[in-house]
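J.: My questions concern the predicted model and sequence given below.
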Amino acid sequence: ENIYYTTIPETIFREESVFSSDIIPEKYDLTIFSPNAKRNISVVFKDGKALLTDIFRGNKAEKEWVVNPGFEILDNNVIDHWYMVLKKFVCSDKDSAEITVVVPVLKRNFKIKVKKSEIKSIELENKKYESLKIDGILLSNNVKFSGWVNPEDGEIIKFSIPAQSFEMVLSDSIIPFMKKEPELNRGSIAESKKEKFPFERVIFGIDRWKLKGKLSFPAVKKKKYPALILVHGSGPLDEDETIGPNKPFRDIAEGLNQEGYAVFRYEKRTHAYGPLLDIKTLTVREETIDDAVEAVKYLSTRKDIDKKNIFLLGHSLGGFIAPYIAKKAKCLRGIIIAAGNTRSLKELVADQIKYRSLLSGLPEEDVRKKVDEVINQYESVLRSDYSELKLWIGLTRKYLEDLNSRNPVQELVKLDIPVLIIQGESDYQVTMKDFEGWKKGAINAGKRNVTFKSFPGLNHLFMKVKGKSTGMEYMIPGKVSDDVIKFIASWMNSIIQKE
């Protein structure tokens, strides 16, 4: 699922693409929110047919047409679609191919031809690099497009449609070109126009699931730096935990680099390997815990990191499982739980739906029905057979049972390291109920090494929000509050000074 804010004033695109385990499109849903109207285009692919419903200003149109096996979804509004079409072609052993694509907005199929060209020079950020060029054409109207690929790892680094003045550059994928380093797990410290502080690109983790990471440093050089590792919330998130135009993890990294800390952030396994993961057996351990532990191990091996002072911050789901990471990693100096839930996902989602529905003016009776429907779906998934791919908010029975078996408060009170728990008071996703849950558990257990701090007027991303948080403010560029960053730095400093 992706949400895009656009150059069209107050217009937002929300798209959801559902694929089978072997990456065959099953459903596509696009909703366009604009000041004057909302449009929803939904397509279900079943039995060799596309079944489309288009609702705009109360008018409903339906269409059905035949689609051939091996088709792809393609939409100009959705960069992910172009990326997937080109990526599959690059990964194949073919030099050219003719691909059937379904364009939902236009309610029809198209043919595109793609071919691998020779290695050519490409200029990115005022430097030239060698790249494999891919040439393509939309056969129905002769619209040409081009893609450029990093020949070292097959990543798409640039894509353009000249006739539409459309161009994108995937900046993270060009880093290997800049480095030209023989060792994958070491990169030279480099300056970037997007990064305010020196950083190093690294690859780390379990052999089968290696991940890209970014280790950023303070501007003032030292022999060893205390360090913080950032662990994501739910969903397939990149190293910056990007949500719309906002990058909370980049904000935190830059703020703490300023305070003298090295900060390590990395892409989530579900972001790097999504289609390759076996969703039927996936749990939060494979999704998050194992890679966070690997991140701790990696930093512990570095000569420029003070391994006695490595901290970890988990946000949202990352906060929920932070005590489990600490237990497994063993060598952390302290952990920070940022908007981590103590209540079950079932209760969280029910409360979120109720909150948003009442805020939108939906009658209480309709809200109750909506919540009951979601709970029934949840219970249906828990009753399903493990072999079925039955999902509740994108999660399987195996994943939900693993979450339900965990008690983060109980795990927290077993830790003998310092813990900081922070919460935005205007957060509606993980609320002050959860904050009080942590507090009650720690107080009842007589824990004296746990610090609590809540921040008025901050949402789930620890950004300022006017009035009530609705989630729509995530689409407005913001920044993690300086108060939060300074409090985290002050707390870590106080722990280090106790040596």
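T.: Good, I have the coordinates. On a predicted model such as this, the values are computed, not experimentally measured, just so you know. Numbers count the residues shown, from 1 in each chain.

J.: Enumerate the beta-bridge partners assigned to the nearest residue to Lys210 once chain neighbours are set aside.
T.: Spatially, and ignoring its direct neighbours in sequence, Lys210 is nearest to Ile203 (5.3 Å; Cβ to Cβ, 6 or more residues apart in numbering). Using the backbone N, CA and C atoms, a C-beta is placed for each residue, glycine as well. As for beta bridges, Ile203 partners with Lys212 under DSSP bridges.

J.: from now on call the first residue 6
T.: With the count now opening at 6, the last piece we talked about shows up as Ile208.

J.: Check whether Ile208 really touches Trp214, as I assumed.
T.: No: applying Cβ atoms under 8 Å, one finds Ile208 not in contact with Trp214, separated by 11.0 Å.

J.: Tell me how many other residues crowd Leu350.
T.: Leu350 has 19 neighbouring residues, counting by other Cβ atoms under 10 Å.

J.: From Gln357, how far off is it?
T.: In this view, Leu350 and Gln357 are 10 Å apart by Cβ to Cβ, to the nearest Å.

J.: got it, and Leu367?
T.: 14 Å.

J.: Then Cys336?
T.: When Cys336 is compared with Gln357 (using Cβ to Cβ), they lie 36 Å apart.

J.: Next, the buried residues of stretch 482-501.
T.: For stretch 482-501, burial by neighbour count (16 or more other Cβ atoms under 10 Å) applies to Gly483, Lys484, Val485, Ser486, Val489, Ile490, Phe492, Ile493, Ala494, Trp496, Met497, Ile500.

J.: Then stretch 443-450?
T.: For stretch 443-450, burial by neighbour count (16+ other Cβ under 10 Å) applies to Trp443, Lys444, Gly446, Ala447.

J.: Which of these fall in helices?
T.: Members of the buried residues of stretch 443-450 lying in helices (criterion: DSSP state H): Trp443, Lys444, Gly446, Ala447.

J.: for Ala334, phi and psi?
T.: Here is the backbone geometry of Ala334 (degrees, to the nearest 10): phi -80, psi -30.

J.: Neighbours of the closest residue to it other than its chain neighbours, how many?
T.: Closest residue to Ala334 apart from its sequence neighbours, by Cβ to Cβ, 6+ apart: Val301 at 4.1 Å. When neighbours are counted by other Cβ under 10 Å, Val301 registers 22.

J.: Per-residue pLDDT of Val301, please?
T.: What the model reports for Val301 is a pLDDT of 97.

J.: That one contacts Ile315, correct?
T.: Yes: using Cβ under 8 Å, Val301 makes contact with Ile315 at a distance of 6.3 Å.

J.: Now tell me what touches the helix or strand where Leu220 lies from outside.
T.: Here Leu220 sits within strand 216-221, counting by DSSP states H and E. Contacts to strand 216-221, defined as Cβ atoms under 8 Å, 6 or more residues apart in numbering, come from residues 177, 200, 202-210, 244, 258-259, 262, 267-272, 274, 277, 296, 299-300, 303-304.

J.: among the residues you listed, which are in strands?
T.: Those of the contacts of strand 216-221 mapping onto strands are Phe204, Glu205, Arg206, Val207, Ile208, Phe209, Ala267, Val268, Phe269, Arg270, Tyr271, per DSSP state E.

J.: Lys99: which element?
T.: Secondary structure assignment for Lys99, by DSSP H and E: no helix or strand.

J.: quick revisit: same drill for Cys336 and Gln357, tell me which one is more crowded.
T.: The neighbour comparison of Cys336 against Gln357 (other Cβ under 10 Å) goes to Gln357, with 17 against 13.

J.: picking up where we left off before, with the ones in helices among the buried residues of stretch 443-450 in mind, which one is nearest to Ser410?
T.: Ranked by distance to Ser410 (Cβ to Cβ), these are led by Gly446 at 17.2 Å.

J.: give me the number of residues near Gly399?
T.: Using other Cβ under 10 Å, Gly399 has 13 neighbouring residues.

J.: One more: Phe115?
T.: By other Cβ under 10 Å, 17 other residues sit near Phe115.

J.: same question, the one 4 residues further on
T.: For Val119, the number of neighbouring residues by other Cβ under 10 Å comes to 21.

J.: For it, give me phi and psi.
T.: With angles defined as degrees, to the nearest 10, Val119 sits at phi -130, psi 150.

J.: roughly how far apart are the residue nearest to it when sequence neighbours are not counted and Asn346?
T.: Computed as Cβ to Cβ, 6+ apart, the closest residue to Val119 that is not its neighbour in sequence is Gly141, at 4.3 Å. Applying Cβ to Cβ, the value for Gly141 to Asn346 is 45 Å.

J.: if we can go back for a sec, between which two of the ones in helices among the buried residues of stretch 443-450 is the distance greatest?
T.: Maximum pairwise distance in these, criterion Cβ to Cβ, is 7.4 Å, between Lys444 and Gly446.

J.: give me the beta-bridge partners of the closest residue to Ser221 other than its chain neighbours?
T.: In this structure, Ser221 finds its nearest non-sequential neighbour in Phe204, 4.1 Å apart by Cβ to Cβ, 6+ apart. As for beta bridges, Phe204 partners with Ala195, Ser221 under DSSP bridges.

J.: Pull up the per-residue confidence for Phe204.
T.: We have a pLDDT of 91 for Phe204.
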